[in-house]
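[1] Sharing a sequence plus its predicted fold:
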Amino acid sequence: MFDALADRLEDAWKKLRGQDKITEANMQDALKEVRRALLEADVNLQVVKTFIADVEKAAIA
């Protein structure tokens, strides 16, 4: 299961790195994939929400 999670997260980051410019839209697409991968790996919903919010905050700063 850990390998599947690692693969999904790596795919999300590859898509983001492949962009010419990181925009809010493609950042949201990547975070959507990360959220889905974490939930499919049975990570607690509150942990996922907190993690995504922290990443969004860091991206803005």
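    Thanks, I have the structure now.
[2] mean confidence for the helix or strand hosting Leu5?
    Using DSSP states H and E, Leu5 maps to helix 2-17. For helix 2-17, the mean pLDDT works out to 88.
[3] wait, what's in contact with Leu45?
    Leu39 (C-beta atoms under 8 Å, 6 or more residues apart in numbering). From N, CA and C alone the C-beta is placed, and that goes for glycine too.
[4] so how far is Ile60 from it?
    Counting by C-beta to C-beta, to the nearest Å, the gap from Leu45 to Ile60 is 23 Å.
[5] now do Val34
    Distance from Val34 to Ile60, by C-beta to C-beta: 17 Å.
[6] and what of Glu33?
    Distance from Glu33 to Ile60, by C-beta to C-beta: 19 Å.
[7] circling back to that earlier point, which strands or helices does the helix holding Leu5 pack on?
    Applying 3 or more C-beta pairs under 8 Å, 6 or more residues apart in numbering; DSSP states H and E, one finds that helix 2-17 makes contact with helix 24-40.
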